[in-house]
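Engineer: Here's my sequence, what's the structure:
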Amino acid sequence: MKIRFGYVSHALNLWEATPARTMTFKRYTQLGKEERDDKLKEVTLANLRTTLRILYYNVAQGIELYRMSSSIVPLATHPEVKWDFITPFKREWEELGEIVQIHNLRVSFHPNQFTLFTSPKETITVNSVSDMEYHYNMLKAMGVHESSYINIHVGGAYGDKASSLERFHENIKMLPTEIKQQMTLENDDKTYTTEETLNVCLREDIPFVFDYHHHMANLCETNLGDLLPATFKTWERTGIPPKIHISSPKGEKEFRSHSDLVDPLFLAPLMKLIKSIGQDVDFMIEAKRKDQAMLQLIEDLSKQRGIKRISGGVLEIN
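Structural biologist: As a prediction, the model looks like this:
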């Protein structure tokens, strides 16, 4: 079996490789019409070019997974700004997509915690649909919208978890079918457990992104050995390996916080379980040191018996 590794957004091994340069709405309002347009395009172009550099870096390193920044386009969903961020950069978006497809990279997006479908406020659901459309339109501009996914959490409990879950199933109907087809759900560290999230995924036919650190911080009654194979099966319709989020606690008192690197000892029970199942999986590293943490973890794991590094970002487990 194989495990592919990836990381989130910023490549720390590259000079000034932030794909998330921004422009605040306050700054936007201080500029004239032409200056506003020019600044939006300037920042977006810089982020697109940095993303291109990162993809080339990933290809050179043999890294096949990458989570793109949600902040490539500044003010893309602001109700007073919404602008055409596709047409002016048609070639740039297509170039990103070409690299993804030629090198068979797995790219994804992860909108922020405010993109959710459990809220009793319709405005939040409407804004969440808008944000999902923004991410989907970026994937579509790259031509990878049928093979890439947008990951979110179930949402808040609002004092009544059962009612909130039913609200999720109702509110998700507002999301266009083609976008829902490309969404995934992740268990969180405080509210919705692995089992609860899995039940939502099964009901809605949504692939489950399992977060091991969140699971350990928010345990459920059912044993992980019984749950994990079920989470893997939610990916069967996609034709790609299940994805698992990997990080480790900053400390006992800050258990939910991500550390700079990933502790192989913290992962040991998960690694043993995955090996027993024999399923190829993809690990998305969410440690603070980004690509550096990912490369260090690959190096650490490759020193263990029965684990062989077969490329820059892939391990084989016997």
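Engineer: what's near enough to touch Ala11?
Structural biologist: Contacts here follow Cβ atoms under 8 Å, 6 or more residues apart in numbering; on that basis Ala11 touches 17, 53-54, 57-58, 290-291. Just so you know, the C-beta spots here come from the backbone N, C-alpha and C atoms, and that holds for glycine as well.
Engineer: and those residues as CSV, adding distance to Ala46?
Structural biologist: Formatted as CSV, the entries for these read as follows, by distance: Cβ to Cβ, whole Å:
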residue, distance to Ala46
Ala17, 11
Arg53, 11
Ile54, 13
Tyr57, 16
Asn58, 19
Lys290, 19
Asp291, 20
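Engineer: Straight-line length of stretch 281-301, end to end?
Structural biologist: 15 Å (Cα to Cα, to the nearest Å).
Engineer: oh sorry, the question was meant for stretch 272-283
Structural biologist: Across its full length, stretch 272-283 reaches 15 Å between end residues, using Cα to Cα.
Engineer: picking that back up, might you specify the subset of the contacts of Ala11 located within strands?
Structural biologist: Per DSSP state E, strands hold no members of those.
Engineer: Tabulate these (a markdown table), appending distance to Leu40 and pLDDT.
Structural biologist: Shown next, in a markdown table, are those (distance: Cβ to Cβ, whole Å; pLDDT from 0 to 100):
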| residue | distance to Leu40 | pLDDT |
| --- | --- | --- |
| Ala17 | 21 | 93 |
| Arg53 | 21 | 98 |
| Ile54 | 21 | 98 |
| Tyr57 | 26 | 98 |
| Asn58 | 27 | 98 |
| Lys290 | 26 | 98 |
| Asp291 | 28 | 98 |
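Engineer: Mind jotting down where the strands sit in the chain?
Structural biologist: Using DSSP E, strands in the chain cover 2-8, 65-67, 106-109, 149-153, 183-186, 208-211, 243-246, 281-285, 307-311, 314-317.
Engineer: Just send these back as JSON lines, with mean neighbour count too.
Structural biologist: Formatted as JSON lines, the entries for the strands of the chain read as follows, by neighbours: other Cβ atoms under 10 Å:
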{"stretch": "strand 2-8", "mean neighbour count": "22"}
{"stretch": "strand 65-67", "mean neighbour count": "22"}
{"stretch": "strand 106-109", "mean neighbour count": "23"}
{"stretch": "strand 149-153", "mean neighbour count": "24"}
{"stretch": "strand 183-186", "mean neighbour count": "21"}
{"stretch": "strand 208-211", "mean neighbour count": "26"}
{"stretch": "strand 243-246", "mean neighbour count": "25"}
{"stretch": "strand 281-285", "mean neighbour count": "24"}
{"stretch": "strand 307-311", "mean neighbour count": "14"}
{"stretch": "strand 314-317", "mean neighbour count": "18"}
